[in-house]
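**Student:** sequence first, then the predicted structure, then my questions.
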Amino acid sequence: VFPGNCWAFKGQQGQVVIRLPVRVHLTAITVQHITKDDSPSGSIVSAPKDIAVFVSLLCLSGGDLALGGEEETLLGMFTYNLEKGPKQTFTLKNMLLPRAFSHVKLLVKSNWGNPWYTCIYRVQVHGRLEDQTASAEGQD
């Protein structure tokens, strides 16, 4: 994680769909940005603020899941807090979805004030692999 070496998108809103290498029972998501001390300007207003996480219940050929349809399910809405550490983990509400997913959508609804762009340095998806037993809960 180096200043300027981020996934940047124009404006204060954006989204990314992450295809996971295997199907996962999702439990949490971690978002990371640089600290004020690491920022050359001393400001981190390009950090995401309001974030929503979705999965889709629509199946495509081969059982793969796609996002962007009307059957998206919200797993949580979170606020990335500039006063906390650079790496923040948010628990997902997946009790109603007892299945594994291969895609997750991160929707950034706002940032902390930069009108030109928003940066995300790292996203980590946490969960239990589809074929693991319940005793392995909490694996990344």
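**Tutor:** Ah, there it is. Residues are numbered from 1 along each chain as shown.
**Student:** report the longest strand in the protein, please.
**Tutor:** Longest strand in the chain by number of residues, with DSSP state E as the criterion: strand 14-32.
**Student:** following it in sequence, what is the next regular element?
**Tutor:** The helix or strand immediately downstream of strand 14-32 is strand 50-56, counting by DSSP states H and E.
**Student:** which neighbours does that following strand have in its sheet, and in what orientation?
**Tutor:** Here strand 50-56 is paired, per DSSP bridges, with strand 72-79 (antiparallel), strand 101-108 (antiparallel).
**Student:** does Glu72 touch Val104 like I think?
**Tutor:** No. Using C-beta atoms under 8 Å as the test, Glu72 is too far from Val104 to be in contact (10.7 Å). Where you see a C-beta, it was placed from the backbone N, CA and C, and this is true even at glycine.
**Student:** between the two, which one's more packed in?
**Tutor:** Counted by other C-beta atoms under 10 Å, Glu72 and Val104 do not tie: Val104 has more neighbours, with 24 against 17.
**Student:** the longest strand of the chain vs strand 101-108, what angle?
**Tutor:** Computed with axes from the mean of the first three to the mean of the last three C-alpha atoms, to 10 degrees, the direction of strand 14-32 lies at 90 degrees from that of strand 101-108.
**Student:** and strand 14-32, which strands flank it?
**Tutor:** If you go by DSSP bridges, strand 14-32 pairs up with strand 87-91 (antiparallel), strand 101-108 (antiparallel), strand 122-129 (antiparallel).
**Student:** kindly compare burial across those strands and name the winner.
**Tutor:** Sort the strands paired with strand 14-32 by mean neighbour count, taking mean count of other C-beta atoms under 10 Å, and strand 101-108 sits at the top with a mean of 20.
**Student:** what's the spacing between that strand and its chain's center?
**Tutor:** 6 Å (C-alpha atoms, centre = their mean, to the nearest Å).
**Student:** for it, which outside residues touch it?
**Tutor:** 9, 12-20, 22-26, 29, 31, 48-56, 64-67, 72, 75, 118, 120, 123, 125 (C-beta atoms under 8 Å, 6 or more residues apart in numbering).
**Student:** check which element follows that strand along the chain.
**Tutor:** That would be, after strand 101-108 and using DSSP H and E, strand 117-120.
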